[in-house]
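*Asks:* A structural model of the following input is requested.
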Amino acid sequence: MSTALLKCLSYVDGVQIVNQPYASAFCGGPQAVRPEPNPDDKLLTKIVAEWDKIKQESETAEVEGIMPSVMTMEWIRDNLLQASYPDKKVLLCRDQAHYLKGRYDMLPQGFKYSFLIRHPYKVFRSWKKLLTDIWGDFPDMRSLPSLAFPPGVGFKELFELVQYVKENFDPHPTILDADDLLQDPAGILSTYCAKMGIPYSSKLLSWKSGHEITSTWLMSKVVSVANKGQGFYKRAFESDRFEKPTPVPDLASLPADARACAEMSMEYYESLHHERIIASV
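*Replies:* Modelled structure (predicted):
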């Protein structure tokens, strides 16, 4: 969902998109940390080997992007996000909270912060399917290494980042709910843009299917190579508009581990959902 929103906002006049720099540093940069090897854990070995392969391929891949060898958190903050873009009107960066690993000192100054949330039942149903498609069957997402799944299952890390932003940057950061956006794209997107200082046009409500616009994004070769192999952007790249939201699934219909993750996350989600933006009248 966040990738579809990023693609939509790629058509804002004068925008420069920076896509998942902290994820790149976490998975393939010089500071990337690998879990201790365990020859008895075949899945762990497989995950580490795959990411090491992606990192190695990224160094020589003939794809557009930033070399992973420079993607330290300090470089991202100082040379990518706090760099000057004199021919651009808006610099928009998308990432996920858990890739910061609590290193909030690596956040750039002078930005407005916004957060996209989605109902945990939907999040973990989709996440379980994606991880199974990539890694094959496994018993529990929570047993995966942090390289594949965050220890706080994502919502804890997101909530803690929001609290930090409130205390240090903006007491009222912009929070939007994915289903609200899908239900009322014009109302929510125009409100979001107004709060973030982004020029809004109704032309943003539909866009060209395909990945051509993403060639304008600044991102690491690690992301490009990983997406080519794992396909996590495929659906968003094929999108041409926001589709209507699907119903929230029954909790009982989720796999046991997805259900447990959703239950752990509801308190964080509900707190953030209470502060979400609504369409301006």
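
*Asks:* any chance you could map the helices in the stretch 151-281 of the chain?
*Replies:* For the stretch 151-281 of the chain, the helices defined by DSSP state H, counting those that start in this stretch cover 155-168, 178-183, 185-196, 221-230, 234-238, 256-273.

*Asks:* so where is the stretch 51-200 of the chain shaky, pLDDT-wise?
*Replies:* Judged against pLDDT under 70, the stretch 51-200 of the chain has no low-scoring part.

*Asks:* how about the strands of it, start to end?
*Replies:* 90-94, 114-117, 174-177 (DSSP state E, counting those that start in this stretch).

*Asks:* okay if I get the ones you listed as a markdown table plus distance to residue 137?
*Replies:* Where C-beta positions appear, they are placed from N, C-alpha and C, glycine not excepted. Output for the strands of the stretch 51-200 of the chain, formatted as a markdown table (distance: least, C-beta to C-beta, whole Å):
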| stretch | distance to residue 137 |
| --- | --- |
| strand 90-94 | 30 |
| strand 114-117 | 29 |
| strand 174-177 | 32 |
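
*Asks:* okay, the ones you listed in TSV with distance to residue 227 and mean neighbour count next?
*Replies:* Converted to TSV, the strands of the stretch 51-200 of the chain look like this (distance: least, C-beta to C-beta, whole Å; neighbours: other C-beta atoms under 10 Å):
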stretch	distance to residue 227	mean neighbour count
strand 90-94	14	19
strand 114-117	19	20
strand 174-177	24	20
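
*Asks:* select, out of these, the one closest to residue 213.
*Replies:* strand 90-94 (13.1 Å; C-beta to C-beta).

*Asks:* other SSEs contacting that closest one?
*Replies:* helix 2-9, strand 15-19 (3 or more C-beta pairs under 8 Å, 6 or more residues apart in numbering; DSSP states H and E).

*Asks:* between the longest one and helix 185-196, how many degrees?
*Replies:* Compare the direction of helix 2-9 with that of helix 185-196 by axes from the mean of the first three to the mean of the last three C-alpha atoms, to 10 degrees and you get 80 degrees.

*Asks:* tell me what helix 2-9 is packed against?
*Replies:* For helix 2-9, the packing partners by 3+ C-beta pairs under 8 Å, 6+ apart are strand 15-19, strand 90-94, helix 234-238.
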